[in-house]
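Peer 1: Compute the structure for the input listed below.
(one chain, ligands or ions: 2)
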Amino acid sequence: MANILVTGGAGFIGSHTCVELIKAGHKIVVLDNFVNSDVESLTRVKTICVTDFPVEKGDVLDTGFVRSLLKKHKIESVIHFAGLKAVGESVEQPLAYYNNNVVGTYSLLSAMNDAGVHKIVFSSSATVYGDPQVLPLTESHPLSATNPYGRSKLIVEDMLRDLYKSDNQWQISILRYFNPCGAHQSGLIGEDPKGIPNNLVPFVAQVASGRREKLNIWGNDYDTPDGTGVRDYIHVVDLAEGHVKALESLSVGSGCVAVNLGTGKGYSVKEVATAFGNAAGTAIPYIIANRRPGDIASCYADCSFAKEYLNWSAKRNLVDMMTDHWRWQQNNPDGYSDCTN
Ligand code: NAD
Ligand code: UDP
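Peer 2: Ligands and ions are numbered 1, 2, ... in the order given. Here you go, the predicted structure:
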């Protein structure tokens, strides 16, 4: 089996994808600078898979280092998760986001080009659709960005499309994730946000565990069935399986193809809070607060292309997502930092 470099493999989606790659028989090498993760996540991936793999501490911005890794480990393809992902922070620190996400990917692609590695799966986001004009979102929906984080994803997507046009030996899969949540069924790995979680599900999980007092629902006057924002939540293990399919599709032929990874179903903030409360056996206290600047009313995917192109569709439902997220939260109330004590 080919050797795969997983950048950002210690992070939330990366760690789950490492498990699925190993399960599918692939050989992996992880590159991470641990700016938003803990090496413990990889120790646990090794426990789940009962196997070992190389972990390289370093930065995708260090082109020479990445080039040396590609050669040293005889890498044939790359799954590129490494990046910063907080929308609000990207508004405050745009240069950090352009540097890490855009220059970092440029650095990685340059190293790959030098080393003759031309297969890459890239983590994009449904944020590249901007404020949806039509729902559900198909891959042909017009692209736009409303903040520096989204723009960094869009710039990288454009960079990848240009690269393929210039050199058809590239094999590129752009995966547009909707709203990942949940955790591995073992309860050993999951999302470990630093500070106050920005995203809904990790915030609700901390309310359920008593770490936070209540949920602030950012607006109940949207044009949605109950007035609160609607999103397409997808179980992180489904997402991870989608990466394995995308990687395997790269061997079929060259191209640069964007694919939605979602479930196609939208749930409101209130529905998510209720579902999480049911999983945790406790009601989630909430208040209605002002709308969060930049938020959109609804966003959910048309997933028919993923089915057709990757033969992939999400298998896990909202109850699975909430149950698995809650198991992770209960077992690791302070995330991975629990185990460093
Ligand atoms: P994460 O922060 O948990 O994982 C990212 C990993 O990349 C971390 O381990 C971090 O330490 C590492 N990293 C960051 N910059 C690096 C650099 N310069 N060099 C080496 N390592 C670096 O995030 P995640 O939720 O697992 O997201 C993974 C990818 O998916 C990101 O690119 C993110 O933008 C994208 N994405 C995430 C979501 C989401 O809601 N989680 C949605 C859409 C897209
Ligand atoms: N949300 C909320 N309170 C929170 C976090 C999120 O009401 O503390 C809402 C948010 O307004 C949106 C939905 O939950 O309607 C999903 O937000 P998240 O940040 O998880 O994803 P994104 O908005 O980036 O799709």
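Peer 1: Point out the other elements, helices or strands, that the helix or strand E308 falls within touches.
Peer 2: Taking DSSP states H and E as the definition, E308 sits inside helix 304-310. Counting contacts by 3 or more Cβ pairs under 8 Å, 6 or more residues apart in numbering; DSSP states H and E, the secondary-structure elements packed against helix 304-310 are helix 236-250, strand 255-261. To be clear about C-beta, it is placed using only N, CA and C from the backbone, and glycine gets the same treatment.
Peer 1: buried residues in stretch 239-251?
Peer 2: Of the residues in stretch 239-251, L239, A240, E241, G242, H243, V244, K245, A246, L247, S249, L250 count as buried by neighbour count, 16 or more other Cβ atoms under 10 Å.
Peer 1: between these, which is nearest E191?
Peer 2: Nearest to E191 among these: L239, at 11.9 Å, using Cβ to Cβ.
Peer 1: So the closest one sits against H16, correct?
Peer 2: Yes - with contact taken as Cβ atoms under 8 Å, L239 and H16 are classed as touching, separated by 7.2 Å.
Peer 1: send the alpha carbons of the helix holding E308 over as PDB?
Peer 2: These are the backbone C-alpha positions of helix 304-310, laid out as PDB (Å, rounded to 0.1, in the frame of the first residue of the first chain):
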ATOM      1  CA  SER A 304     -25.600  13.100  -5.000                       C
ATOM      2  CA  PHE A 305     -22.300  13.800  -6.600                       C
ATOM      3  CA  ALA A 306     -20.400  12.200  -3.700                       C
ATOM      4  CA  LYS A 307     -22.500   9.100  -4.100                       C
ATOM      5  CA  GLU A 308     -21.900   9.000  -7.900                       C
ATOM      6  CA  TYR A 309     -18.200  10.000  -7.900                       C
ATOM      7  CA  LEU A 310     -16.900   8.500  -4.700                       C
END
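Peer 1: Which residues does that helix contact?
Peer 2: For helix 304-310, the surrounding residues in contact (Cβ atoms under 8 Å, 6 or more residues apart in numbering) are T138, E139, G242, K245, A246, S249, V257, V259, N260, L261, W312, S313.
Peer 1: Adding distance to ligand 1 and pLDDT, write these out as TSV.
Peer 2: Putting the contacts of helix 304-310 into TSV (distance: Cβ to the nearest ligand atom, whole Å; pLDDT from 0 to 100) gives the following:
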residue	distance to ligand 1	pLDDT
T138	18	98
E139	15	98
G242	12	98
K245	17	97
A246	13	97
S249	19	91
V257	17	96
V259	13	97
N260	11	98
L261	9	98
W312	17	98
S313	18	98
